[in-house]
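In: Predicted model and sequence below, questions to follow.
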Amino acid sequence: MKTNKQNVFDVVNAGIMICFCILILFPFWDMIVRSLSSPADSTKLELMLWPKNFVTSAYRYCLKDDGILRAYGVTVARTFLGTTLSLILILFAAYPLSKKDMPGRKYITFFFLVPMFFAGGLIPSYIINRSIGLVDNFLVYILPGAVNVYNVVLARNFLMGIDKSLEESAFMDGAGYGTILTRIIVPLSKPILATLALWIAVGHWNAWFDSMIYIRSKNLEVVQLLLHRMLDTTQTMSEEMQMYMVNNPSDTVTSVSVRMAMTIITIVPIMCIYPFAQKFFVKGIMVGSLKG
C-alpha cells in the first residue's frame with residue numbers, strides 16, 4: 001500500500017515526464033502539420049495543432065523525380081551493408097580481446113585505442129581514400145568507418161561479463177571457437193549488438209559530408225545530402241518551385257512546406273528502428289560500459 005507522499009510523487013513524476021515528452025514531440029509534430037498545410041498556413045508564425053487545409057503538394061514536389069528515390073536506395077543500402085559489416089568486424093575484434101589470457105592483449109588494445117584519440121584529419125583521409133580508389137565509389141560509405149574503436153571497447157567489456165563456464169562446457173563437447181562464437185556468444189550478446197547496430201545505423205543514415213566530399217556521380221548521392229542542399233539553398237529552390245508550379249498549376253508549395261516535408265521523409269524510416277531496439281538499449285549500454 002502506497003503512502004500519500006508516494007502517490008503525490010508518482011503524480012508529479014508522471015506530470016513532469018508527460019510535459020517533457022510533449023516538449024520533445026511537439027517540434028516533430030509541428031513539422032508534420034506544416035508539411036501538410038497550405039502555403040499560406042505553413043508560413044504563419046502561430047501554433048497549429050492540425051492542418052487547417054490538408055494538402056500533400058509538398059510531398060509530391062519532393063518525390064517529383066527519381067532523384068529522391070535513388071538517393072533513398074543508396075542510403076538504405078549504405079545503412080544495411082555498413083551496419084552489417086561493422087557488427088561483424090566489431091564482434092571479431094571484441095571476442096579475442098575479451099580473453100584475458102590472449103597473448104599480447106594489452107598491446108593490441110593499446111594499438112586499437114591510439115586512433116581513437118588521434119586522427120589525421122580530412123586531407124590525409126582524402127588522400128588515402130583516393131589512392132585506394134574509393135573516390136566516387138559506393139564503398140567509401142562503408143569501408144573507412146567500418147570499425148569504431150569505442151564500439152569495440154563496449155562490445156569487449158560486454159563479452160567479458162559472459163560466464164566462462166559456458167565456453168568451457170562447449171570446449172568439452174568438442175566445439176571450436178567459431179561454433180562458440182555463433183552458437184553461444186552471439187545469442188547472448190543481443191543487447192550490445194542491438195545497441196551498436198542502432199548507433200551505427202543512425203550514423204550511416206544521417207551521414208552526408210562524406211557524400212559531398214567523395215562522390216561525384218548523382219547516382220551515388222545519399223538522401224541526407226539532398227536534404228542538406230535543400231536546407232542550405234533558398235534562391236535555387238525558389239526558382240525550381242516556380243517552375244514546378246508552372247508545370248503543375250494544381251500544386252502550390254513554399255520553401256517552408258518543402259523543407260518540412262523533406263525532413264519528414266528523411267527521418268521517419270530511421271525512427272521506426274527505435275521501438276525494436278529500445279528493449280536492448282539500456283541493458284547493452286550499462287553492461288558494456290561497466291566491465292573493465
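Out: Everything's here; your move. Numbering: from 1, shown residues only.

In: my read: I273 touches L198, true?
Out: Yes - in this structure I273 lies within contact range of L198 using Cβ atoms under 8 Å: 6.4 Å. C-beta coordinates here come from the backbone N, C-alpha and C atoms, glycine included.

In: more neighbours, the two?
Out: L198 (20 against 16; other Cβ atoms under 10 Å).

In: I127: neighbouring residues, count only.
Out: When neighbours are counted by other Cβ under 10 Å, I127 registers 11.

In: Find the helix or strand that it is a member of.
Out: helix 122-131 (DSSP states H and E).

In: which residues sit against that helix?
Out: Here helix 122-131 makes contact (Cβ atoms under 8 Å, 6 or more residues apart in numbering) with A119, V135, V140, P144, I213, Y214.

In: ok, and for that helix, which residues are buried?
Out: Across helix 122-131, burial judged by 16 or more other Cβ atoms under 10 Å covers Y126, N129.

In: Stretch 202-222 too?
Out: The neighbour-count check on stretch 202-222 (16+ other Cβ under 10 Å) flags V202, H204, W205, A207, W208, D210, S211, Y214, I215, L220, E221, V222 as buried.

In: just those residues now: which is nearest Y61?
Out: Set against Y61, the nearest of the buried residues of stretch 202-222 by Cβ to Cβ is E221 (18.4 Å).

In: doesn't A71 make contact with that closest one?
Out: Yes - E221 is within contact range of A71, at 5.4 Å (criterion: Cβ under 8 Å).

In: next one: phi and psi at F80?
Out: Backbone dihedrals for F80, given as degrees, to the nearest 10, come out at phi -70, psi -50.

In: roughly how far apart are it and D136?
Out: Separation of F80 from D136 (Cβ to Cβ, to the nearest Å): 21 Å.

In: ok, now L49?
Out: Distance of L49 to D136, computed by Cβ to Cβ: 46 Å.

In: Look at those two and report which has more neighbours.
Out: D136 (13 against 8).

In: name the element the residue lying closest to the more buried one once chain neighbours are set aside belongs to?
Out: Once flanking residues are discounted, D136 sits nearest to R216: 4.4 Å by Cβ to Cβ, 6 or more residues apart in numbering. Under DSSP H and E, no helix or strand contains R216.

In: was I right about R216 contacting V135?
Out: Yes - counting by Cβ under 8 Å, R216 does reach V135; the two are 7.5 Å apart.

In: how about the residue nearest the centre of the chain, what does it touch?
Out: In the chain, the residue lying closest to the centroid (Cα atoms, centre = their mean) is V202, at 0.3 Å. For V202, the contact set (Cβ under 8 Å, 6+ apart) comprises I270, I273.

In: ok, back up a step: for the buried residues of stretch 202-222, which one is nearest R259?
Out: Of all the buried residues of stretch 202-222, W208 has the smallest distance to R259: 15.2 Å, by Cβ to Cβ.

In: How about the contacts made by that closest one?
Out: Each residue near W208 by Cβ under 8 Å, 6+ apart is listed here: V222, Q224, L225, L227, H228.

In: now do 6 Å
Out: Q224, L225, H228 (Cβ atoms under 6 Å, 6 or more residues apart in numbering).

In: Return the backbone torsion pair for the residue lying closest to the first one once chain neighbours are set aside.
Out: Counting by Cβ to Cβ, 6+ apart, W208 is the residue found nearest to Q224 once chain neighbours are left out, at 3.7 Å. Phi and psi for W208, reported as degrees, to the nearest 10, are phi -140, psi -20.

In: mind checking how far W208 is from V114?
Out: Here W208 is placed at a distance of 28 Å from V114 (Cβ to Cβ).

In: One more: P39?
Out: As judged by Cβ to Cβ, P39 and V114 stand 54 Å apart.
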